[in-house]
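Novice: Okay, sequence plus prediction incoming.
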There are 2 protein chains.
Amino acid sequence: MSPNNPAALPSYDQIQQAAARIAPYAVLTPVLRSATLNALTGADLYFKCENLQRGGAFKFRGACNAVWSLDDERAARGVVTHSSGNHGNALALAAATRGIAAHVIVPDGAVRTKLEAIERAGAILHRCEATQAAREAKAEEVRLATGAELVHPYADTRVMAGQGTAALELLQQSGGLDALITPIGGGGLAAGTAIAAHGLAPQLALHGAEPEGADDAARSLAQGHRVGPFTAHTICDGLRTLIGESNFDALRMHRVQVATVSDEEVVVAMKLLWNELKLVVEPSSATVLAAVLKYPERFAGRRLGLVLSGGNVDLEALPW
Amino acid sequence: MSPNNPAALPSYDQIQQAAARIAPYAVLTPVLRSATLNALTGADLYFKCENLQRGGAFKFRGACNAVWSLDDERAARGVVTHSSGNHGNALALAAATRGIAAHVIVPDGAVRTKLEAIERAGAILHRCEATQAAREAKAEEVRLATGAELVHPYADTRVMAGQGTAALELLQQSGGLDALITPIGGGGLAAGTAIAAHGLAPQLALHGAEPEGADDAARSLAQGHRVGPFTAHTICDGLRTLIGESNFDALRMHRVQVATVSDEEVVVAMKLLWNELKLVVEPSSATVLAAVLKYPERFAGRRLGLVLSGGNVDLEALPW
């Protein structure tokens, strides 16, 4: 349906170009450290705070790169996506930086506060039924009617390239790392990170974290091929997606090792991040610290970068 | 009682020395920006995130400078303070960086989670009645018994010098400012900031923010002399203190203009900081944004630095 699905993986050069393209708009997010968390894990941890990125998530990087990759004529027709989560919000914010229209397909029953944020960012909302098929059909309908460019949340070369820019920054800010870990959902962040990291540091070990209730990447790697659609059962709302086709290829090519964690372990990690770093992150983000706590044999003694992917949680409904 | 009370104000040189002294231990906290908050205030805002400082507050800077200012012989006898809030915690953490004892006087009825944090940081707790007189008497008793050095939370030259280092960083990170605003409690941060800022940029305008229920600095400036003890009525638990004597002198000498805000305005600002910057800050910290929102005529059109002083709040008891 989309010309970008399955999407070609970006090259390291494309990630570097993305970094230059988004620099005027994206936040150079800080890297934080904690002596207490280092002691607890036996590793040397560098937390890349994408929860402090514009829109509260790394998603702004990919959306912004996609928006500013368009030539003027295509840009004038706007952009469209069928994600009502962080990517929808990010695309709305990115479109606003260029003064173009953003169409966001929102399924019935989507969280009201999220929709309000997307609307505040200036997007045009299009309602549809709450199935993946209805969302994709509606996006296609809007695309045909408006000429808007589809920007897929993860199966898009430009989006993956943008997401990879966080790893470029982290490697520079930390002064070099032995290993990196990101959460894995659709795999946009994981793929971009793998290509960016190995472009700069070919020997670096790559890790991913998944909730047990959405462990399709782990199962896919174990089976040697991508598993089919599944029903997710996890509080990690950003990671309920089936990994994309080329995103999965990137995991294999770059030998990404995936650790799975329970929702309970995620909540413990969320609390630790609040107590020790004063960061409120999404459950999806806390998977990375949960994985490091759970599998010390993989991480102890290493200089490890952790991408905290986002901070869009409802403070009145924390999972503890 | 203390040799540091009333304390001499630090010089600009002493603040620069403090910056070098604490650099190995303190976090170079990030400066964040928000297009939305700029639009809302008509100013160009630079938020210095001391909520992400070690111990979750700027207090670590002053405590750390005090601890590392001691010669080995005095340091070996430890340090003592009668603050059970952020300064007590900061002094415990700072003492731990030097491997020396920290004695913290804690009044009956102090918040359990705060005491646990101070204990986790390795301090020795000494209980006393919940009056200022009892706390000071107990601190003096411990000082005489142990030879520990008293480190007052704000009426201490070394502490004020340490607190001023946040402004040095902010001015460098932002590339220059027209004005700066900090919360005002005992005045350690306000005094250190004023001296540091005017050392680097003599023309810079200085502002302070106080809750209406603890507006002793505003009243003192209006009357031309420091008012007496008062009973605070505000959710800004870090700002319930009477401003120190020399701290008040610093406000006058550096022509600090103080704005007062209501607790309701503070809560609005706290929510904005969460929604727009994904930062959970203490009510005390949110006073600065509340002041900028309330008095646009003082701030609009200016490049303004705001010190977010701390983030030690109970997520389960947010004031909304």
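Specialist: All right, it came through fine. Numbers count the residues shown, from 1 in each chain, chains lettered A, B, ... in the order given.
Novice: Helices along the stretch 151-300 of chain A, start to end?
Specialist: Residue ranges of the helices in the stretch 151-300 of chain A, as given by DSSP state H, counting those that start in this stretch, are A:157-174, A:188-200, A:216-223, A:245-253, A:263-277, A:283-294, A:296-299.
Novice: Can you lay out the ones you listed as CSV showing mean neighbour count, distance to residue B:291 and mean pLDDT?
Specialist: (Glycine included, C-beta is placed from N, CA and C.) As requested, these are exported to CSV (neighbours: other CB atoms under 10 Å in any protein chain shown; distance: least, CB to CB, whole Å; pLDDT from 0 to 100):
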stretch, mean neighbour count, distance to residue B:291, mean pLDDT
helix A:157-174, 26, 32, 98
helix A:188-200, 27, 38, 98
helix A:216-223, 19, 48, 98
helix A:245-253, 20, 47, 97
helix A:263-277, 20, 27, 97
helix A:283-294, 28, 32, 98
helix A:296-299, 15, 44, 96
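Novice: For the closest residue to chain B within chain A, list the residues it contacts.
Specialist: In chain A, the residue that lies nearest chain B is residue A:30 (3.6 Å; CB to the nearest CB). Residue A:30 is in contact with A:49, A:52, A:173, B:29, B:30, B:49, B:52, counting by CB atoms under 8 Å, 6 or more residues apart in numbering or on different chains.
Novice: Can you pick out the most distant pair from the residues you listed?
Specialist: Comparing every pair within these by CB to CB identifies A:173 and B:49 as the most remote, at 15.6 Å.
Novice: which parts of the stretch 51-200 of chain A sit against chain B?
Specialist: A:51, A:52, A:56 (CB under 8 Å from any CB of the partner chain).
Novice: Return, as residue ranges, the portions of chain A with sub-threshold pLDDT.
Specialist: Within chain A, the segments meeting pLDDT under 70 span A:1-5.
Novice: re the thing from before, which one among the residues of the stretch 51-200 of chain A next to chain B gets closest to residue B:24?
Specialist: Ranking those by separation from residue B:24, with CB to CB as the measure, puts residue A:52 on top at 24.5 Å.
Novice: list the contacts for that closest one?
Specialist: A:27, A:29, A:30, A:311, B:30, B:32, B:277, B:278, B:279.
Novice: Repeat the analysis, applying 6 Å as the threshold.
Specialist: Contacts for residue A:52 (CB atoms under 6 Å, 6 or more residues apart in numbering or on different chains) come out as A:29, B:278.
Novice: Tell me both backbone torsions, phi and psi, for it.
Specialist: Taking degrees, to the nearest 10, you get phi -100, psi 10 for the backbone angles of residue A:52.
Novice: how close does it sit to residue B:52?
Specialist: Residue A:52 is 9 Å from residue B:52, where distance means CB to CB, to the nearest Å.
Novice: number of nearby residues for residue A:100?
Specialist: The number of residues packed near residue A:100 is 20, by other CB atoms under 10 Å in any protein chain shown.
Novice: Could you do residue A:135 as well?
Specialist: Neighbourhood size, residue A:135 [other CB under 10 Å]: 20.
Novice: was I right about it contacting residue A:83?
Specialist: No: applying CB atoms under 6 Å as the test, residue A:135 and residue A:83 come out as separate, 8.5 Å apart.
Novice: can the contacts of residue A:30 go into a markdown table with extra columns for distance to residue B:72?
Specialist: As requested, these are exported to a markdown table (distance: CB to CB, whole Å):
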| residue | distance to residue B:72 |
| --- | --- |
| A:49 | 37 |
| A:52 | 40 |
| A:173 | 35 |
| B:29 | 29 |
| B:30 | 34 |
| B:49 | 34 |
| B:52 | 31 |
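Novice: can you pull the contacts of the residue lying closest to residue A:309 once chain neighbours are set aside?
Specialist: Spatial nearest neighbour of residue A:309, excluding adjacent residues (CB to CB, 6 or more residues apart in numbering or on different chains): residue A:285 at 4.6 Å. Residues in contact with residue A:285 (CB under 6 Å, 6+ apart) are A:308, A:309, A:310.
Novice: which ones are touching the first one?
Specialist: Read it as residue A:308. Counted by CB under 6 Å, 6+ apart, residue A:308 has contacts A:47, A:49, A:50, A:51, A:281, A:285.
Novice: and those, which of them are in strands?
Specialist: Using DSSP state E, the subset of the contacts of residue A:308 located in strands is A:47, A:49.
Novice: Relative to residue B:184, which of the contacts of residue A:308 is nearest.
Specialist: Nearest to residue B:184 among the contacts of residue A:308, with distances taken as CB to CB, is residue A:49, at 28.8 Å.
Novice: which ones are touching that closest one?
Specialist: By CB under 6 Å, 6+ apart, the contact set of residue A:49 is A:29, A:30, A:308.
Novice: how about the contacts of residue A:285 in TSV, adding secondary structure?
Specialist: Below are those laid out as TSV (DSSP: H, G, I helix; E, B strand; the rest coil):
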residue	secondary structure
A:308	strand
A:309	coil
A:310	strand
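Novice: Chain neighbours aside, what residue packs nearest to the spatially most central residue of chain A?
Specialist: Among the residues of chain A, the one closest to the centroid is residue A:189, at 4.5 Å (CA atoms, centre = their mean). Using CB to CB, 6+ apart and skipping the chain neighbours, the partner closest in space to residue A:189 is residue A:163 (4.5 Å).
Novice: Please list all residues in contact with that neighbour.
Specialist: By CB under 6 Å, 6+ apart, the residues touching residue A:163 are A:58, A:61, A:62, A:188, A:189, A:192.
Novice: Now distance to residue B:183 too, for the contacts of residue A:285, in TSV please.
Specialist: Compiled in TSV, the contacts of residue A:285 are given as follows (distance: CB to CB, whole Å):
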residue	distance to residue B:183
A:308	27
A:309	32
A:310	29
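Novice: Out of the residues you listed, the closest to residue A:220 would be?
Specialist: Closest approach to residue A:220 among those (CB to CB): residue A:309, at 20.1 Å.
Novice: Settle this for me: that closest one is touching residue A:183, isn't it.
Specialist: Yes: the pair residue A:309 and residue A:183 qualifies as a contact (CB under 6 Å) at a distance of 5.3 Å.
Novice: what residues are shared contacts of those two?
Specialist: Here residue A:309 and residue A:183 have residue A:284 as joint contacts, going by CB under 6 Å, 6+ apart.
Novice: picking that back up, now flag whichever of the contacts of residue A:308 is closest to residue A:168.
Specialist: Proximity of those to residue A:168 (CB to CB) peaks at residue A:50, which lies at 12.9 Å.
Novice: Cool, thanks, signing off.
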